[in-house]
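1. Only the shape, not the letters, is given here:
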């Protein structure tokens with residue numbers, strides 16, 4: 001693309017209807033994302049009727065800004081109340097909440113908002129420069145590569161759990177077991193439904209996530225060992241204070257997280273959720289102080305937050321270049337593009353290159369808006385922490401019930417939330433981590449679907465998982481990760497007990 005294309009795209013984006021749509025979407029997305037249980041996908045889906053009355057670029061700009069804000073705002077309840085807003089936020093919710101318990105909620109919010117914005121802009125630049133090329137690479141991924149990629153995300157979450165790899169694997173298996181509830185993807189037969197019709201569609205991860213993090217925290221509040229965030233100082237929070245020093249200190253972590261999020265987010269059907277988990281795991285593996293992770297350490301938050309929004313941007317690469325949605329949100333956006341007569345595909349870049357370039361430019365503005373809106377959010381966070389616990393708990397419980405009910409508009413989701421909360425409380429009291437359970441529920445269907453497809457392609461031969469070069473490389477890394485705890489256990493002296 002030449003300079004004239006960029007200038008034409010800039011003139012489209014700087015038109016007042018487009019800017020108004022970006023600002024409106026940003027405010028709306030931030031408000032929805034900060035409410036536990038209301039996801040970015042839900043916020044985007046509710047915008048579809050509004051897009052009927054908008055031109056193509058303002059309609060897509062509205063979706064882009066809403067998504068960017070909602071994903072980032074999901075970190076706020078995770079930091080302040082230990083209620084992750086998205087599956088990606090669950091990867092590092094314990095880290096951010098640990099900072100809040102240490103009286104550093106401002107630091108956690110600063111990192112989440114600033115590095116999410118920087119990661120999103122990194123992804124937008126990458127999308128602008130190498131979008132078509134990366135999309136061609138992504139299309140070479142088959143079910144074998146997706147299977148190993150899902151395995152990599154699962155293994156990483158289990159290995160980095162602070163309770164130890166064995167308990168991490170147990171939690172992971174529980175999550176995968178829960179993900180098998182519902183109709184079998186090949187035969188259509190019910191599995192573990194026990195005749196309950198509501199279970200035929202499976203167990204949604206949203207009520208489980210709300211229950212295991214938020215409701216379990218409420219139950220923990222009744223115990224004498226419960227820890228509460230300290231009241232903030234009377235001085236106002238200083239948004240983005242000290243973030244320049246953190247960027248210099250963890251610059252390689254930021255670049256690694258943003259690059260990983262951009263690469264994995266471009267894979268159709270994957271999105272940025274897996275990227276955040278893998279980025280957090282890689283940050284711990286490459287850190288010089290891995291023992292600090294889980295206690296409120298900034299390093300993991302920097303890398304995972306950067307990958308989160310970077311993956312969100314790059315998910316649009318297969319959507320715009322080939323019309324293949326990268327996640328549920330881009331699937332909605334592709335439908336809006338078709339509705340507006342802009343058929344996604346290579347011809348969109350050749351016949352009217354200014355239009356897709358203008359859409360990419362909206363990512364820059366949407367992520368830039370994270371700074372002023374995030375500034376107000378950080379300033380207001382100290383007021384949330386100043387509220388007495390006896391007033392916060394009922395409000396959190398109401399959000400738990402509303403968020404669980406809103407998934408399918410039934411009380412069954414509320415029951416799932418209560419049951420998951422009780423299970424999460426008992427598991428954490430016995431040292432089993434919760435985060436791998438959530439990832440197991442999210443990635444379980446992806447793992448099963450791609451495993452069955454791969455076995456059908458390979459005629460039931462397991463060697464088929466290593467026939468393709470990329471699949472062989474990722475598979476080798478996964479096997480190494482599986483063997484690491486076994487080798488460590490065997491190398492330990494027999495006289496010392498094996499840690500669990």
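-> Received it, and whenever you're ready, just let me know what you need. Bear in mind the structure is a predicted one, so any value in this text is a computation, not a measurement. Numbers count the residues shown, from 1 in each chain.
2. pull the longest helix from the chain.
-> What stands out as the longest helix in the chain, according to DSSP state H, is helix 105-139.
3. Point out the other helices and strands that the helix or strand that that helix is followed by packs with.
-> Toward the C-terminus, helix 105-139 is succeeded by helix 143-159 as the next helix or strand (DSSP states H and E). In terms of contacts (3 or more Cβ pairs under 8 Å, 6 or more residues apart in numbering; DSSP states H and E), helix 143-159 is packed against helix 165-179, helix 273-286, helix 435-457, helix 469-491. Backbone N, C-alpha and C define where each C-beta goes, glycine included.
4. wait, is residue 49 part of a strand?
-> No - counting by DSSP: H, G, I helix; E, B strand; the rest coil, residue 49 is not part of a strand but helix.
5. What pLDDT is listed against it?
-> We have a pLDDT of 77 for residue 49.
6. rewinding a little: tell me the mean pLDDT for the longest helix of the chain?
-> 79.
7. ranking the helices and strands packed on helix 143-159 by burial, who's on top?
-> Of all the helices and strands packed on helix 143-159, helix 273-286 has the most neighbours on average by mean count of other Cβ atoms under 10 Å, namely a mean of 26.
8. quick one: contacts of that one?
-> With contacts defined as Cβ atoms under 8 Å, 6 or more residues apart in numbering, helix 273-286 is touched by 86-89, 91-92, 95, 149-150, 152-153, 156-157, 159-160, 253, 256-257, 260-261, 263-265, 290, 293, 299-300, 302-304, 306-308, 310-311, 439, 442-443.
9. Tell me which entries of those residues lie within helices.
-> Cross-referencing the contacts of helix 273-286 against helices under DSSP H gives 87-89, 95, 149-150, 152-153, 156-157, 159, 253, 256-257, 260-261, 263-265, 299-300, 302-304, 306-308, 310-311, 439, 442-443.
10. coming back round to it: centre of the chain to the longest helix of the chain, how far?
-> On the basis of Cα atoms, centre = their mean, to the nearest Å, helix 105-139 sits 13 Å off its chain's mean C-alpha point.
11. where in the stretch 301-450 of the chain is pLDDT low?
-> For the stretch 301-450 of the chain, applying pLDDT under 70 flags the ranges 318, 321-328, 331, 345-350, 381-382, 384-389, 392.
12. how near is residue 306 to residue 279?
-> 7 Å (Cβ to Cβ, to the nearest Å).
13. okay, and the common contacts of these two?
-> By the contact definition Cβ under 8 Å, 6+ apart, residue 306 and residue 279 are jointly contacted by 257, 261.
14. OK, contacts around residue 112?
-> Residue 112 is in contact with 72, 75, 76, 79, 96, 301, 305, counting by Cβ under 8 Å, 6+ apart.
15. Report the spatially closest residue to the residue nearest the centre of the chain, excluding sequence-adjacent ones.
-> Nearest to the mean C-alpha position of the chain, by Cα atoms, centre = their mean, lies residue 88 at 2.2 Å. Using Cβ to Cβ, 6 or more residues apart in numbering and skipping residues adjacent in sequence, the residue nearest residue 88 is residue 276, 3.7 Å away.
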